[in-house]
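In: No letters, just coordinates:
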């Protein structure tokens, strides 16, 4: 993007609608105050006071307000109810009385507790740094540069010229065209479900991704009659057919799964008297269709109930921001091209697009890392510019501009920036270690490598994926074996009555140098190997079953640090634990490796 003068006090006239609007010049502008925006702001402020953050809506995070935390609160309530109602096999009989209003009140109360922390952080930021409004990029004819136009709630517009820009605008639930008009307030999304004052009697959930599965099961366990719809037979985005089939079998034990269905219409059926309006879904079963997608029986099916939860994914909105004025192109999936996936930096531009906004890996831990690394990268670039420009920096002779962050002191004594030592600031952070491998490997010229891909769905049984998928392994031409374990007879799982599940490990069959291919699913090559793979190296895994969240972390650590099957088997597995199931899968893989070596 166009570089602007460094002075923060200068004003440039801009004629807009016959009114003169001044241009505010800053070193850094952050758009969006969610997880990524908070982390970016925190790092940038260590380097400069010349920063503005523009945000529309609440100054908290998606995770705490409408995502991870309230959904897990609802899941926790569902688990309590489920075990209270389904413990007959253990000789514990009884029925749970569910107070829907109290359930939802606790969800909101605890949600508000979690959300209060980022809100408190934002409240402590100087008001001079904050703009309450929506930001777009405009082409400023007078200066021939791209500026940020912040449209505030008061109707005013502020124009901002920034040397560096971090875009962290997040995502919104996707709702098919016309559905809001057809259903009105009978349509809810993950953004609004937690505001329900009481549990509905019936609910249709559209979509079997993480959000759909988790909320559908939680509601069902709380006594809501739930029907879960999906156009395909896939659940949880699982990319291993055998694991997906097992997940469908396990979840069908308690959920009304209506897979391979095509929704033809949604409508609102008006109530009469004391009867409230109902939502109606017309659909066909794609299992009963010909190859030309026509229904064999030519009959439609109908669901009628209280509410429809649309969980068909979340979408970013960066295509509406005017990024073309910055010379940024988007692909067919609305993702920025030429972007460093570790910190969101666009090639050859001082622009970063991070978190859900770039739509590559919309997971909380990825969003947090990207925001942090984008902010740190900008801070380091500002430091480099200060040193190169001969700014008054304490101990300039001791400033090392090599690729080791620990050797970089960022002290800026420009007119509006206090002297800040970035190394000391990082060291004083309770959540950041100066010895962190991330800090040791990141500079403005050396991006931190993407973390091992990991995802977890908190259904019961849980679903997880880590590392490469089978598709990306095969695309890279890597010979592999699959270590497998069923949890049906796994000791601790059977003791606890949670023994429905399947784990599949993808393991490199022999020492090779594999070609790098980035798969459509976002799977990444482990940068530590740089294509060199050894026999027994764990490439990825997919699982549905108990304790999947913990097994995912063990395997992600193994993949990140190139621990082989043999290396993991050298570790102890306590008895009796669910993790012994992982050992069984590892032994299965080792047996195949040994057999192949003897062939």
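Out: Looks like it arrived, so ask away. These numbers come from a predicted model, not from an experiment.

In: hey, where'd the strands end up in the stretch 151-300 of the chain?
Out: Per DSSP state E, counting those that start in this stretch, the stretch 151-300 of the chain carries strands over the ranges 157-167, 172-173, 187-188, 202-206, 225-229, 256-258, 261-269, 278-285.

In: nearest to residue 147, of the ones you listed?
Out: strand 157-167 (5.1 Å; CB to CB). To be clear about C-beta, it is placed using only N, CA and C from the backbone, and glycine gets the same treatment.

In: Tell me the helices and strands packed up against that closest one.
Out: Secondary-structure packing of strand 157-167 (3 or more CB pairs under 8 Å, 6 or more residues apart in numbering; DSSP states H and E): strand 23-31, helix 35-44, strand 51-55, strand 130-140, strand 145-152, strand 351-353, helix 364-388.

In: and residue 281, what does it touch?
Out: Each residue near residue 281 by CB atoms under 8 Å, 6 or more residues apart in numbering is listed here: 204, 229, 263, 265-266, 302-304, 308.

In: What subset of those residues is buried?
Out: 204, 229, 263, 266, 303, 308 (16 or more other CB atoms under 10 Å).

In: For residue 474, state which of those is nearest.
Out: Among the buried ones among the contacts of residue 281, residue 229 lies closest to residue 474 (CB to CB), at 31.0 Å.

In: ok, what's across the strand from the closest one?
Out: Counting by DSSP bridges, residue 229 is bridged to residue 206, residue 258.

In: any idea what sits nearest residue 221, other than its immediate chain neighbours?
Out: Nearest residue to residue 221 in three dimensions, chain neighbours excluded: residue 78, at 3.5 Å (CB to CB, 6 or more residues apart in numbering).

In: burial measure for the closest residue to residue 546 other than its chain neighbours, as a count.
Out: Nearest residue to residue 546 in three dimensions, chain neighbours excluded: residue 498, at 4.2 Å (CB to CB, 6+ apart). Per other CB atoms under 10 Å, the neighbour tally for residue 498 reads 19.

In: Quick check: residue 498 vs residue 586, distance?
Out: Counting by CB to CB, to the nearest Å, the separation of residue 498 from residue 586 is 21 Å.

In: Relative to residue 37, how far out is residue 60?
Out: Applying CB to CB, one obtains 11 Å for the distance of residue 60 from residue 37.

In: and these two? which has more neighbours close in?
Out: Set side by side, residue 60 and residue 37 show more neighbours around residue 37, with 31 against 25, by other CB under 10 Å.

In: Quick check: that one touching residue 54?
Out: No: here residue 37 does not reach residue 54: they are 9.2 Å apart, not a contact under CB atoms under 8 Å.

In: Select the helix or strand of this protein having the lowest average pLDDT value.
Out: Every helix and strand in the chain was compared by mean pLDDT, DSSP states H and E; the lowest is helix 437-440, with a mean of 31.

In: Toward the C-terminus, what is the element adjacent to it?
Out: strand 454-457 (DSSP states H and E).

In: Once you drop chain neighbours, what's closest to the residue sitting nearest the centre point of the chain?
Out: With distances taken as CA atoms, centre = their mean, the chain has residue 363 as the residue nearest its mean C-alpha position (1.6 Å). Excluding its sequence neighbours, the residue lying closest to residue 363 (CB to CB, 6+ apart) is residue 455, at 6.3 Å.

In: Pairing-wise in the sheet, spell out the partners of the one you found.
Out: Beta-bridge pairing for residue 455 (DSSP bridges): residue 465.

In: Identify the residues contacting it.
Out: Listed by CB under 8 Å, 6+ apart, the contact set of residue 455 reads 210, 237, 363, 464-466, 552.

In: Dump these to a markdown table, plus distance to residue 334.
Out: A markdown table is the format used below for these (distance: CB to CB, whole Å):
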| residue | distance to residue 334 |
| --- | --- |
| 210 | 20 |
| 237 | 18 |
| 363 | 17 |
| 464 | 27 |
| 465 | 23 |
| 466 | 26 |
| 552 | 28 |
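
In: if we can go back for a sec, now the residue nearest to residue 546: how far from residue 544?
Out: Counting by CB to CB, the gap from residue 498 to residue 544 is 11 Å.

In: Now do the shared contacts for the two.
Out: Counting by CB under 8 Å, 6+ apart, the residues touching both residue 498 and residue 544 are residue 461.

In: Domain map for this protein?
Out: 15-62+113-171+316-440, 179-313, 454-598 (automatic domain parsing).

In: quick one: which of the ones you listed is nearest residue 99?
Out: Across those, residue 99 has its closest neighbour in domain 179-313 (9.0 Å, CB to CB).

In: For the closest one, measure first residue to last.
Out: For domain 179-313, the first-to-last residue distance is 15 Å (CA to CA, to the nearest Å).

In: Next: stretch 337-345.
Out: With CA to CA as the measure, stretch 337-345 spans 10 Å from end to end.

In: in that stretch, what counts as buried?
Out: For stretch 337-345, the neighbour count (16+ other CB under 10 Å) marks 339-345 as buried.

In: Take those residues and keep only those in helices.
Out: Among these, no member is found in helices (DSSP state H).

In: Looking at these, which is nearest residue 460?
Out: Out of the buried residues of stretch 337-345, the member with the shortest distance to residue 460 (by CB to CB) is residue 341, at 32.1 Å.

In: Could you double-check that the closest one sits in contact with residue 359?
Out: No: the criterion here is CB under 8 Å, and residue 341 misses it with residue 359 at 11.2 Å.

In: Might you report the residue contacts of residue 150?
Out: The contact partners of residue 150, taken as CB under 8 Å, 6+ apart, are 54, 131, 133-135, 157-160.

In: Show me what it is bridged to.
Out: Going by DSSP bridges, residue 150 forms beta bridges with residue 135, residue 158.

In: how close does residue 69 sit to residue 257?
Out: To residue 257, residue 69 is 27 Å away according to CB to CB.

In: just residue 168 next, same as before
Out: For residue 168, the distance to residue 257 equals 36 Å [CB to CB].
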